[in-house]
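Peer 1: structure for the following, please:
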Amino acid sequence: MRQHGQSLNKSNNSPSFFPSPVSGSLFVTYKFGCLPSVLLIPKTSLRGMEREMAEISGRNGGVALDVKAADASAKAAMDEQETGACCFVLPTFVQKMIAEVCGTYFLIFAGCGSVVVNRNEKVVTEPGIAITWGLAVLVLVYSVGHISGAHFNPAVTIAFATCKRFPWKHVPAYVAAQMLGSLLASGTLRLLFTGRHDQFAGTLPTGSDMQAFVIEFIITFYLMFVISGVATDNRAIGELAGLAIGATILLNVMFTAPVTGASMNPARSLGPAIVSGNYTGIWIYLPAPTLGAIAGAWVYNSIRLSDKPAREITKSTSFLRNASHNRNGST
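Peer 2: Below you'll find the predicted structure:
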């Protein structure tokens, strides 16, 4: 450890500071060897870190943090940000749009592709189609969820916006990106399977329109309820979000695809409809998933106990427990 600390000093790998998009915080960049890393540190905790790093420095020859130097560096970085010279760590809006286009493209290409192949070759089977949709969502959530949020669905985007968990000003751009991805994927499938007897991969109701509308509302409600629970609640296990959402998609497709096509996504239905020119029942697949997603998001918000992170809730209960213990001890 001492040799490692000395090597840090020799290579002049001292931490550098710049302001974070999170109010009242700093990004601290540092290097171990040739690998840069980034830490998000609240300003209020810098002094405590200074004491800890000073102790580490005394024992291992490490580099202590200087709060005054950090504040000066942060001020200089803010000036650079105002002049456009500061680099952003968070993804830009353009990067988010590209992620939504690519994610929706791969989702529609895989899911609708399995539908087309099964209709032509009869080898995928209905359970195979459901598994394909579920796995596609699972993989894409983990691939680009940290970039764009992995919506891939106008109904999800609008539902988040109604709950003030997504800015309304970004909704048109997100919906446009999702529609573009769906159109490109549907067009690709049409080109690849031209000449086959049935290359339509859209959604068609097999029963009454009202039956299809209610089913689409319910399964999208279920999907958005799960998304709200695993992706927006601070007490949930966020690492399992992709698994939970993918499993919900798989379950919904498994038992409702024969009746409605299990859309749950206006872009999933509208893209293939535009490319093929078949708009049968399209009016069902635009409002029903959107209304179901909004209802699912709001119902989960109504049962959400708290918006505070779990660690804050734990701290508050620990404080109350200690206060009660002290009061009982004094009596």
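
Peer 1: low-confidence regions, this structure specifically.
Peer 2: 1-89, 195-199, 305-331 (pLDDT under 70).

Peer 1: packing partners for the lengthiest helix in it?
Peer 2: Ranked by residue count, the top helix of the chain under DSSP state H comes out as helix 93-121. Identification of packing neighbours for helix 93-121 by 3 or more Cβ pairs under 8 Å, 6 or more residues apart in numbering; DSSP states H and E yields helix 126-148, helix 171-192, helix 266-276. C-beta here means a position set from N, CA and C on the backbone, and glycine is covered the same way.

Peer 1: for Val124, which residues are in contact?
Peer 2: With contacts taken as Cβ atoms under 8 Å, 6 or more residues apart in numbering, Val124 has the following neighbours: 114, 117-118, 132.

Peer 1: try 6 Å
Peer 2: The contact partners of Val124, by Cβ atoms under 6 Å, 6 or more residues apart in numbering, come to 114, 117-118.

Peer 1: do Ile215 as well
Peer 2: 256, 260.

Peer 1: what about 7 Å?
Peer 2: Going by Cβ atoms under 7 Å, 6 or more residues apart in numbering, Ile215 touches 256, 259-260.

Peer 1: could you dump the residues you listed to TSV with distance to Ile158 and neighbour count?
Peer 2: Formatted as TSV, the contacts of Ile215 follow (distance: Cβ to Cβ, whole Å; neighbours: other Cβ atoms under 10 Å):
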residue	distance to Ile158	neighbour count
Thr256	21	19
Val259	24	14
Thr260	20	26
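
Peer 1: run through who's touching stretch 236-245.
Peer 2: 137-138, 141-142, 145, 226-227, 229-231.

Peer 1: hmm, try it at 6 Å
Peer 2: By Cβ under 6 Å, 6+ apart, stretch 236-245 touches 137-138, 141-142, 226-227, 229-231.

Peer 1: what about it, start to end distance?
Peer 2: 13 Å (Cα to Cα, to the nearest Å).

Peer 1: all the helices of the stretch 201-331 of the chain, residue numbers only.
Peer 2: Counting by DSSP state H, counting those that start in this stretch, one finds helices in the stretch 201-331 of the chain at the ranges 209-232, 241-260, 266-276, 282-285, 287-303, 310-330.

Peer 1: buried deepest among these, which one?
Peer 2: helix 266-276 (a mean of 24; mean count of other Cβ atoms under 10 Å).

Peer 1: from the contact counts, what lies against that helix?
Peer 2: For helix 266-276, the packing partners by 3 or more Cβ pairs under 6 Å, 6 or more residues apart in numbering; DSSP states H and E come out as helix 154-162, helix 171-192.

Peer 1: any idea of the angle the longest one forms with helix 126-148?
Peer 2: Meaning helix 171-192. Counting by axes from the mean of the first three to the mean of the last three Cα atoms, to 10 degrees, helix 171-192 lies at 140 degrees to helix 126-148.

Peer 1: and the shortest one, by the same measure?
Peer 2: Note on geometry: by the same axes, to 10 degrees, helix 154-162 and helix 126-148 are set 40 degrees apart in direction.

Peer 1: and helix 154-162 with helix 266-276, angle?
Peer 2: Relative orientation of helix 154-162 versus helix 266-276 (the same axes, to 10 degrees): 140 degrees.
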